[in-house]
Every structure is written in C-alpha cells, then in structure tokens.
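**Q** One predicted model, sequence on top.
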Amino acid sequence: MTHFETQTQPAPQFTDTEPDGPLVGIIMGSQSDMELMQKAGKVLEEAEVSYEIEVMSAHRHPDRVAEYCRTAQERGLKVIIAGAGLSAALPGVAAAHTDLPVIGVPLSSSLSAAGGLDAILSVVQMPPGVPVAAVGLDNSRNAAHLAVRIINA
Ligand code: RP5
C-alpha cells in the first residue's frame, strides 16, 4: 500500500517582504462572522500587533483564499487566524496553502449542528502534516493571544 504523508518543507527565503506590513492576517468565512472575529483584532490592538482582516470563504471564494494564503509569507505575515462555522474548511484550506502557523477558530451559527461541534471537528481533525492550532468555540480572543505568543517566541 502506498503511504502518502505531507512533509514540512524548509522555509522559503523571500526578499520582497513588506517590513511595515501587518504581522497577523485575520480571515473568516462570512461577513456574519465579523463581529466575533473583530474581538481577535481588539486583542491584537491592545498588544500593539499589526493585523489585517478580511472575509473570504473556503467554499464561496476558493481562489481568493488560495491566493491570500500563498502570498501571506512574502507579504510579511507571521500568523494567520482563520474563523469559520458549520463545515469549517477555511483554517484547513489556509494551512494547505501556507507554511505559516494557522490558528483556527470554530464558530457557532444559527445553522450549527450539535451547538457548534460540527465546526470544532472540522477545524481540529486535520490530517498529519497539515497542522491547524485550534482554540475553543467562538474564542477568537484566544486565537489572538496565541498569535502574540507565537510572534514573541
Ligand atoms: C460559514 O458558514 C461561515 O464561516 C459562517 O460561520 C457560516 C454561515 O455563513 P453565512 O451563511 O452567514 O454567510 O461558511
């Protein structure tokens, strides 16, 4: 039987980083996630860590997600925080397109199954080699705190 396993690659060296660009990218699957995900932005502001924030869905805008994540490192981002609800593919898809640390925030919504367990499992159950660090349901603030720790490590 053939065994496929993703290997972490050596970090590519970029020469055209934007030194004054944001360090954290906050992305989310829907505008309806914005209010919750802005709480991560507030934590980053308090920590004086620069960030950008944008709605892009793994299902509705797959090309935008791929382009954003593939260029994130060369633009100077250090961490991506990705929030999504329901079949929450965004954090995993982000991790598939970048070697940066990705922190997934499972979100609840009015359509959630089992109170948001659908999103929790979607974020947590990544295959070996494509890691996503998951925080608790709707806990975007912890994602920001973790991002700050990663940047300061
Ligand atoms: C997910 O579906 C989004 O992340 C959001 O949490 C949920 C509902 O999205 P909307 O139907 O409100 O756009 O993709």
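**A** Now that the structure is in, tell me what you want to look at. Residues are numbered from 1 along each chain as shown.

**Q** Is Val93 in a helix, a strand, or coil?
**A** Under DSSP: H, G, I helix; E, B strand; the rest coil, Val93 falls in the helix class.

**Q** Just give the closest residue to it, not the sequence neighbours.
**A** Ala58 (4.3 Å; CB to CB, 6 or more residues apart in numbering). Placement of C-beta: from N, CA and C, glycine included.

**Q** That neighbour: neighbour count?
**A** 22 (other CB atoms under 10 Å).

**Q** Show the model's pLDDT score for it.
**A** With respect to pLDDT, Ala58 has a value of 98.

**Q** Can you give me the distance of it to the ligand?
**A** 7 Å (CB to the nearest ligand atom, to the nearest Å).

**Q** quick one: contacts for that residue?
**A** 29, 65, 84, 89-90, 92-94 (CB atoms under 8 Å, 6 or more residues apart in numbering).

**Q** let's go with 7 Å and repeat that
**A** 29, 65, 84, 89-90, 93 (CB atoms under 7 Å, 6 or more residues apart in numbering).

**Q** now do Ala95
**A** Contacts of Ala95 (CB under 7 Å, 6+ apart): 102, 126, 130-132.

**Q** Out of those, which end up buried?
**A** Buried subset of the contacts of Ala95 (neighbour count, 16 or more other CB atoms under 10 Å): 102, 126, 132.
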